[in-house]
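> 3D, please:
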Amino acid sequence: LWRIFSRLRNWLLIPDEYIGWLPFAFLRACRIILKEKPALIITSSSPHSVQLAGLALKKIFKIPWLADFRDAWARHPYYFYPTLIHRWLSAQMEKSVVRNADLVLFAYGLEEAKKTYPELEEKFKPLANAYSEKDFQGQKPPKLAGFSLLYVGAFYGAHSPKYFFQALSELISEHPEIKPEIRVWMIGQFSPEHFELVKKYQLEKVIQIKDFLPHQQIISWLCSAKVLLLFLGSEVENSIVIPGKVFEYLRAPSWILAMIPEGETAQILRQAGGVVVVN
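Reported below is the predicted structural model:
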């Protein structure tokens, strides 16, 4: 059922599953604009449906508009498009947004955006993600037994823990003495297929999966683990994607094992040090 829902969602909901929220957001924004007379409209995505609300508001009210892209849209290497038509529609929506916005911010992929829209590069600016030092102050990290590895987040598109699970299973088979010591914690959103992978590789006693936790608790966990795990789909040769959690990973006092392709994230991690990058 999960797979069927995911397929139908990608086929029917363009640009994303939040498109049904768009008319309500637009109408509420109209009321606020008429009452408050704001000097600027700011939209930040993903979800990219919000950029369409900004586009409509700009057309109607002629107010300066700042479009902030925390994630790539049509150029995202890991988004699944069922057909070329779906990708084309998303590209047309993105083009309309960046052409009509007065200023466009990119958390990553700025150079790629300039290549795609060379005539608009003067209004493109970088604004990377970061972390808040206050979040790391006064933390009381939980005590994690054994040699602990931690992943926080979700898996989508081409991102998968499959090869890590496979390698971990092979390692334990070769060195069974480490099994009582090694623990992998995964906190976030996981689909049934990921639970199936845990069973397939007989890692039920090694991998512990927890649901989403409040952000402050996540920071505590980041400060507790020996190694932080980072995944990106490795079939992409040069990835522009920089997950937002990368900067909190770097701030935490832990090593990072990054199973990622070459690209912007790999460059940042290598410059920082304390990282092992493997494809």
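
> which element is the residue lying closest to Phe190 once chain neighbours are set aside on?
Nearest non-adjacent residue to Phe190, counting by CB to CB, 6 or more residues apart in numbering: Ile209, 5.8 Å away. (Each C-beta comes from the backbone N, C-alpha and C, glycine too.) Assigning secondary structure by DSSP states H and E places Ile209 in strand 207-210.

> name the strands paired with that strand and say parallel or antiparallel.
According to DSSP bridges, strand 207-210 forms sheet pairs with strand 182-189 (parallel).

> what's the helix or strand just after the partner strand packed up against?
Of the helices and strands lying after strand 182-189 in sequence (DSSP H and E), the nearest is helix 192-200. With contacts defined as 3 or more CB pairs under 8 Å, 6 or more residues apart in numbering; DSSP states H and E, the packing partners of helix 192-200 are helix 2-12, helix 162-174, strand 207-210.

> go through these and name the closest to Ala113.
Ranking the helices and strands packed on helix 192-200 by distance to Ala113, with CB to CB as the measure, places helix 2-12 first at 23.7 Å.

> residues in contact with the helix or strand Val97 falls within?
Val97 is part of helix 84-100 when elements are defined by DSSP H and E. The set of residues external to helix 84-100 that reach it, using CB atoms under 8 Å, 6 or more residues apart in numbering, is 10-11, 14-15, 48, 51-52, 54-55, 58-59, 65, 67, 73-75, 81, 104, 113, 117, 120, 124.

> how about it: buried residues?
For helix 84-100, the neighbour count (16 or more other CB atoms under 10 Å) marks His86, Ser90, Met93, Glu94, Val97, Val98, Asn100 as buried.
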